[in-house]
Each structure stands twice: as structure tokens, then as C-alpha cells.
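Chemist: got a structure for you, letters missing:
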């Protein structure tokens, strides 16, 4: 049995373990939260290095892309460097492939049209594939990177503006601790509604679940949510707020969905390659071969 361990800077209350089959092989998949403690994350990776098949890194990003350039988060790189043998991935290798496919999947197999619909992507810089697919599908997009990532009252409406922002912000933000712009540890369990009008006006809310959970208003009646990393307790929260449909870009595993870092770690283990040896086409082929599809769940009829 292959073993995947996701080390997260998120809350330990979201820890989970499941055995799941992929490509005819059994995988033991574990998520271990460190409550924002980076030194503990490093210690865990050192202790498990060479004993597991792949690490995922959650509650943070290792890379962010702006145009054709890739920037590395300094803090996260220090954590990843603790692994000398086992490959480490953060999900960025498959986001552009997996999340782009989700929009096409919903249109073709579930007759879900995005044309003319208002879509709020809470943070799009690290999900450019999803943002681009929604824009190409005709959605009226609002990108909330400045509002929810930096607390600035400036919505973005175009991919051009998003690209310009990424080129300016990426070299600077990757030098900062993750906790400056992203909820880590116990902050992932807090509710701090912000810029609620953009949630209320949207037909679809998409992107990182921890941004959605932290900043959403109490009432999301009839909305569709496209995200991942959702536990059963999170589902109940969304059901109670009136959400009509939950779509997770990663499949259900033991009653919840994991982050893209876990799925990328599974693909790396199956391919038997280092992350730097994988291409987007290879990830896409593996996703096709394993028939990986998003999870769609009606929460309120």
C-alpha cells in the first residue's frame, strides 16, 4: 500500500485518514494539521522523509504563477526543503489542469451554463486556470484577491487585471509569511464576514474554501459553491447557510474532499516521478486514466 501524507499549516481539527484505491493500487492518505506551526511541519517531514511515497503541503502554497514565471514562497520552501528523499507537492502542478476541466465537466455533463452568470472567485491568482475557464465560459467574473487576500476594497473584473496584479504582487508576497494573507491554524475556524455584497450578488462562488468560509456572509441561499478541502462539518455549515449545490474539484474520500496537494501527491506516487519531471499533459492523462471527476452534491433542493 502506498502512503500519502499531507502536512498542513491549517487546523489539526480538520485531520483525517482514509484508504482509497487509485489506478488499481491502495493508498493510505493522511492529513496532519500543525495549527500554523511551521517548525512542527518541518519536524514531521523530517521524521517521515523516505518512509512515505509523497508529501502534500496544505494550508499554504509553495509556488504561484504570473504569466510564464513561477515564484516560490520563501516560508513554504523552507518547509519543503526538510524532505531530502520523498517528493513534495503543493497542488499547484494540477490546479491549472484539474480546475479547468471542472468548468467544462459541469457544462457538458450537467448542463450547467456559466454564460452571463455572476461568479465570485475569492482568490484567483493561485487558481488562474479556474478563473480563465470561467471567463471563457462567459461568466461575469469578480476576482476577490485584493479584497479577501489583502483587505483592500478593489474588486477585479478581467483576466488582464488579474494578470497585471499577479506580476506586481507575486515577487513581493512570496517573501511574506503565509499567515499575512491566508488563514492558517485556528483562523481557519473563524468567521470574519467581509465584502458580503459580492457574495450576495454572485450566482456562483468559487475558489479556496478557507477564504470562502472565513469571509462569507451567513446567508448564501441558492448559491453554487465550487471549491475543495471540504469536511462534513463544512458541508453542514454550507447547507445551513442555504447553499444549493456544492462542487468539489477533488473527489470524495471517506466522506470529505481533500486539497489539490493530496491529489497531486497521489499522481506523483503513481507516476513514480519527481514533480519537476511531470508536465501538465502528463497530469491530464493520469486524471483521464483514473477517471477523476469532481463531486457534485445538492445541499438544498
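Modeler: That came through, no problem. Since the structure is predicted, the reported quantities are computational estimates derived from the model, not experimental observations. Numbers count the residues shown, from 1 in each chain.
Chemist: Listing partners with orientation, what would you give for the worst-scoring helix or strand of the chain on mean pLDDT?
Modeler: None of the helices or strands of the chain scores lower by mean pLDDT, DSSP states H and E than strand 63-66, at a mean of 82. Strand 63-66 has the following strand partners under DSSP bridges: strand 69-72 (antiparallel).
Chemist: next structured bit after the partner strand?
Modeler: Once the chain leaves strand 69-72, the next helix or strand it forms, by DSSP states H and E, is helix 74-80.
Chemist: low-confidence ranges in the stretch 51-200 of the chain?
Modeler: 67 (pLDDT under 70).
Chemist: if you set the cut-off to 90 instead, what comes out?
Modeler: In the predicted model, the stretch 51-200 of the chain carries pLDDT under 90 at residues 59-61, 63-71, 92-93, 95-97, 100, 126-129, 169-170, 173, 177-190.
Chemist: Please enumerate the helices of it.
Modeler: 74-80, 92-110, 128-136, 159-173, 196-201 (DSSP state H, counting those that start in this stretch).
Chemist: Same check on the stretch 201-301 of the chain?
Modeler: 209-215, 232-240, 260-271, 280-289.
Chemist: Turn those into a markdown table, including mean neighbour count.
Modeler: C-beta here means a position set from N, CA and C on the backbone, and glycine is covered the same way. What follows is those, written out as a markdown table (neighbours: other C-beta atoms under 10 Å):
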| stretch | mean neighbour count |
| --- | --- |
| helix 209-215 | 23 |
| helix 232-240 | 16 |
| helix 260-271 | 27 |
| helix 280-289 | 15 |
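Chemist: could I get the ones you listed as JSON lines with mean pLDDT?
Modeler: Output for the helices of the stretch 201-301 of the chain, formatted as JSON lines (pLDDT from 0 to 100):
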{"stretch": "helix 209-215", "mean pLDDT": "96"}
{"stretch": "helix 232-240", "mean pLDDT": "95"}
{"stretch": "helix 260-271", "mean pLDDT": "95"}
{"stretch": "helix 280-289", "mean pLDDT": "92"}
